[in-house]
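> sequence plus the predicted model coming up.
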Amino acid sequence: MAGWETKRRWVKEAFSELEANGYTISSGYTAVKNPERTKFIYRDSLWGGADLVGLGVASFSHVQGVHYQNLTEIDDYVAAIDSEKMPVKRAFRTNEEERMIREFILQMKLGHVHAEYFRNKFEINILERFFRPLEELTEEGLLKVVDDSIVLSRDGLLCVDNLLHDFFLEHHKTDRIV
């Protein structure tokens, strides 16, 4: 079975081949031929704070500021559905800072984050708020701060999910998927 380094190399090679054939990489997971015509309305809305209802075992939802996770065992999940009960394992209401961090983390998956968006929506300068982790990731060559934006390098984009933990609130850094 291939390890993570091999898998990342394969994706990097695939992205390079796609770009050589006129595609644009629009996130760590997608490439499109014509980004002006091909829009990911659902993804872009979700990553800009829209509600999401997750269906299935262990799925996550975020609805009207409440973060949910469904039951994590299939038998429990099916029993709840069969009993016409919500299959929720845990839920908590998010505050403004948690919602800002959620949007920031989701937008990092696009490979670029515009600081102005967060100043306008949350009245916060993310370049100052996240200075330390951004500086460390810059030193590692995984991103750059260019003008008023954070731009991930190809290597940063390929391991973006591993980079996000440093931006969590302290009490969320020890949380695990249950």
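Sure thing, it's come through.
> and V113, which of the three is it?
strand (DSSP: H, G, I helix; E, B strand; the rest coil).
> tell me the centre residue of the chain?
The chain has L106 as the residue nearest its centroid, 2.9 Å off, counting by CA atoms, centre = their mean.
> tell me which residues touch that residue, please.
For L106, the contacting residues are 46-47, by CB atoms under 8 Å, 6 or more residues apart in numbering. To be clear about C-beta, it is placed using only N, CA and C from the backbone, and glycine gets the same treatment.
> can you give me phi and psi for it?
phi -60, psi -40 (degrees, to the nearest 10).
> give me the distance between M86 and A79.
12 Å (CB to CB, to the nearest Å).
> looking at those two, which one has more neighbours?
Neighbour count, other CB atoms under 10 Å: between M86 and A79, A79 has more, with 13 against 10.
> neighbours of I150, how many?
Around I150 there are 23 residues (other CB under 10 Å).
> what sits against the nearest residue to it once chain neighbours are set aside?
The spatially closest residue to I150, leaving aside those adjacent along the chain, is V113, at 4.4 Å (CB to CB, 6 or more residues apart in numbering). The contact partners of V113, by CB under 8 Å, 6+ apart, come to 104, 107, 126, 149-150.
> can you list which of those residues are found in helices?
Among the contacts of V113, the members falling in helices (DSSP state H) are 104, 107, 126.
> how far away is the first one from R119?
As defined by CB to CB, F104 lies at a distance of 12 Å from R119.
> ok, E73 next?
Going from E73 to R119 by CB to CB gives 43 Å.
> and the two? Which one has more around it.
Shown here are E73 and R119; by other CB under 10 Å, R119 has more neighbours (14 against 11).
> the more buried one: which element?
If you go by DSSP states H and E, R119 is part of helix 115-122.
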